[in-house]
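Peer 1: next come a sequence and a model predicted from it.
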Amino acid sequence: RIRKVKGYQILDSRGNRTVRVRVETYGGISDFGDAPAGASKGTREAVELRDKDGGVTEAVRIIDSVINDSLHGFSVLDQLAIDQALIKLDGTSNKSRIGGNTTIATSIAVLKTASKSLGLEYFKYIGGPRVRYVPIPLLNILNGGLHAGNMLKIQEFIVIPKEFDTFSEALIASTSIYKRLKELITERYGKLYTALGDEGGVAPPLEKTRDALDLIYTAVKQTGYDGQVYLGMDAAASDFFKDDVYEIDGRRYSPDEMIDYYVSLANEYPILYLEDPFNENDFERFSILQSKLKKTIVTGDDLYTTNVEYLKKGIEKKSTSGTIVKPNQIGTLSETFDYIELAKKNSIKVIVSHRSGETEDSFIADLAVGVQSDFIKTGAPARGERTSKYNRIIEIERDYGLEYYGKKL
Ligand code: PGA
Ligand code: ZN
């Protein structure tokens, strides 16, 4: 049973302040949960509670007082009741009173403490005996949009090491591509431009989408992985959509012209994955694009914000074949599990994802394995807050002899 819930104001990977929660039981078991933070957030996400100066001292105060008082005595094994208590305590539809950052950090801390109290790995506690695979990584190795200082409008250029026998081999292949990419940038633009964006990808001084795709596809080919490694993009298109126009590659595109834009790119490059190609309200064009791109997993992130209400709409309209899952977009793990169940029931591919502002906690790796997601998206194979997740899956793969999902997809 819960003896104490305590908050901390800690730092995230951008040096911003964020929430950590520690839960302690009367049996002396204790573990923590962290709230990550997005930069290109969907407008329908759970709201973070922040002080005027960007700190989270008010959130910590709420955790130490109200949350601590309300959760006292609960069994840590009763995740649903605890999450429901948090939802009730907040009382709003978007967690704006006590903050989605306080609720998600608490919810994660509870789950981790519960696993520990049973002596189980987090992923085993989440998934039980159905766990057989580890997911395919989506590695964002070239950054643009709000995550970088360059002029690229597309936010993320991704490599997908699918055709490998193990997660470890897939990851190591990706590091060769990542290193080759840095060499190519040094050759073409100078070493100055190999500096990294928020998610650990390079951020060279490019403006056009095709230049970035050329660069990463060249790196894939030169390392000998063409045919084994596919490409992906997160356009995060709400961020370059204004007054019904998408401004990209030095041109203005109407929403309908953007459909053709993506279809051409998918004809020129092996694009397996395409996230948020349109603004977050355009369920119809997502659907048109998905029907045209049979081999590409069109995916909603800002479109759905891990909220069943919007996923239902996407299912009805056949908007996408994939969905991002970010627990802090909705605010509790129980709601996250419900969301994943709805996606799976409707054969929507599940992509468990980090945020651009992360901590060193590797929990989402266990979450991805536990719910048997198809993919995990957690940045470049570099920088501790990204590698902690990949390294955790390497550990799980070896310790439990799980299969790699790459060739099964
Ligand atoms: P964010 O970006 O964490 O800054 O919102 C990640 C994404 O859009 O997938
Ligand atoms: Zn996204």
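Peer 2: Thanks, I have the structure now. Residues are numbered from 1 along each chain as shown. Ligands and ions are numbered 1, 2, ... in the order given.

Peer 1: can you tell me which residues in the chain are near ligand 1?
Peer 2: Contact residues (CB under 6 Å from any ligand atom) of the chain with ligand 1: 38-41, 234, 236, 301, 353, 355-356. C-beta coordinates here come from the backbone N, C-alpha and C atoms, glycine included.

Peer 1: please report the number of neighbouring residues for S75.
Peer 2: 14 (other CB atoms under 10 Å).

Peer 1: nearest to ligand 2 among the residues of the chain next to ligand 1?
Peer 2: D301 (3.5 Å; CB to the ion).

Peer 1: number of nearby residues for the closest one?
Peer 2: When neighbours are counted by other CB under 10 Å, D301 registers 29.

Peer 1: what is the burial count for the residue nearest to it when sequence neighbours are not counted?
Peer 2: Among residues not flanking D301 along the chain, I324 sits closest, at 3.8 Å (CB to CB, 6 or more residues apart in numbering). Residues contacting I324 under the criterion other CB under 10 Å number 25.

Peer 1: which element is I324 on?
Peer 2: Using DSSP states H and E, I324 falls within strand 322-325.

Peer 1: run through who's touching that strand.
Peer 2: The contact list for strand 322-325 (CB atoms under 8 Å, 6 or more residues apart in numbering) reads 273, 275, 297-301, 304, 306, 311, 314, 336, 339-340, 343, 348-353, 373-375, 377.

Peer 1: next, the buried residues of that strand.
Peer 2: 322-325 (16 or more other CB atoms under 10 Å).

Peer 1: average pLDDT for it?
Peer 2: Strand 322-325 shows an average pLDDT of 98 in the prediction.

Peer 1: direction included, what does it pair against?
Peer 2: According to DSSP bridges, strand 322-325 forms sheet pairs with strand 297-300 (parallel), strand 349-353 (parallel).

Peer 1: where along the stretch 301-409 of the chain do the strands fall?
Peer 2: 322-325, 349-353, 375-377, 403-404 (DSSP state E, counting those that start in this stretch).

Peer 1: what packs against the third one?
Peer 2: Using 3 or more CB pairs under 8 Å, 6 or more residues apart in numbering; DSSP states H and E as the contact criterion, the secondary-structure elements in contact with strand 375-377 are strand 136-143, strand 349-353, helix 363-370.

Peer 1: just to revisit the earlier point, save the strands of the stretch 301-409 of the chain as JSON lines, and put in distance to ligand 2 too.
Peer 2: Output for those, formatted as JSON lines (distance: least, CB to the ion, whole Å):
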{"stretch": "strand 322-325", "distance to ligand 2": "6"}
{"stretch": "strand 349-353", "distance to ligand 2": "7"}
{"stretch": "strand 375-377", "distance to ligand 2": "8"}
{"stretch": "strand 403-404", "distance to ligand 2": "24"}
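
Peer 1: chain center to the strand or helix carrying R61: distance?
Peer 2: Under the criterion of DSSP H and E, R61 resides in helix 57-62. Remark: helix 57-62 is offset 25 Å from the chain centroid, using CA atoms, centre = their mean, to the nearest Å.

Peer 1: who's in contact with that helix?
Peer 2: 7-9, 19, 49-51, 98-99, 101-102.

Peer 1: narrow those residues to those that are buried.
Peer 2: Buried among the contacts of helix 57-62 (16+ other CB under 10 Å): 7-8, 19, 49-50, 98-99, 101-102.

Peer 1: and which of those is nearest to I158?
Peer 2: Proximity of the buried ones among the contacts of helix 57-62 to I158 was ranked by CB to CB; the top entry is N101 with 26.4 Å.
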